[in-house]
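**Q** Sequence and predicted structure are below.
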Amino acid sequence: MENNSGKDIKRITCFLPKGAGIRLVEMLHVEKNIDATNVHTGRGLRTVESVKDYGAWSEQDVLTVVVDAERAEEIFEFIFFQGELNKPGGGFIYLTPLIKASHYTLPSIEG
């Protein structure tokens, strides 16, 4: 599947503890030169908390990253480890093909 530019692209989606999404957006920009990201907050049920808190609703960040297919595994691994998804309660991540996407850029503002 291809997007409007003719490149094969992927979407990485992950659910993270609240506050972790923005930190990853900054890291992706600085360390991987990726700006096609989005973070929003939702509510979910965490299943790896203590027995007392099991099933309690909590706020979570949802991070979405659009990336060329050839970089998808690299960026997936980066998010997985930098976002500490490899630790209990770290979150959930998955990778899917993306049929279409539009590339938007912000204008350069010269002071």
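**A** Structure received. Numbering: from 1, shown residues only.

**Q** Show me which helix or strand of the protein is least confident by mean pLDDT.
**A** Lowest on mean pLDDT, DSSP states H and E among the helices and strands of the chain sits strand 37-45, with a mean of 86.

**Q** Show me which parts of that one are buried, residue by residue.
**A** For strand 37-45, a neighbour-count test (16 or more other CB atoms under 10 Å) marks T37, V39 as buried. From N, CA and C alone the C-beta is placed, and that goes for glycine too.

**Q** ok, that strand: who's next to it in the sheet?
**A** Strand 37-45 sits in its sheet next to strand 57-68 (antiparallel), going by DSSP bridges.

**Q** wait, is N86 part of a strand?
**A** No: counting by DSSP: H, G, I helix; E, B strand; the rest coil, N86 is not part of a strand but coil.

**Q** who's in contact with it?
**A** F80 (CB atoms under 8 Å, 6 or more residues apart in numbering).

**Q** Now do the same for it: its pLDDT.
**A** N86 carries a pLDDT score of 89 in this model.

**Q** What ranges does this structure have for its helices?
**A** Counting by DSSP state H, one finds helices in the chain at the ranges 20-32, 69-82.

**Q** For W57, which of these is the nearest?
**A** Among those, the nearest to W57 by CB to CB is helix 20-32 (17.6 Å).

**Q** How about the backbone phi and psi for N86?
**A** Main-chain torsions, N86, degrees, to the nearest 10: phi -80, psi 0.

**Q** on that earlier part again, okay, the helices of the chain in TSV with distance to W57 and mean pLDDT next?
**A** Formatted as TSV, those follow (distance: least, CB to CB, whole Å; pLDDT from 0 to 100):
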stretch	distance to W57	mean pLDDT
helix 20-32	18	94
helix 69-82	24	96
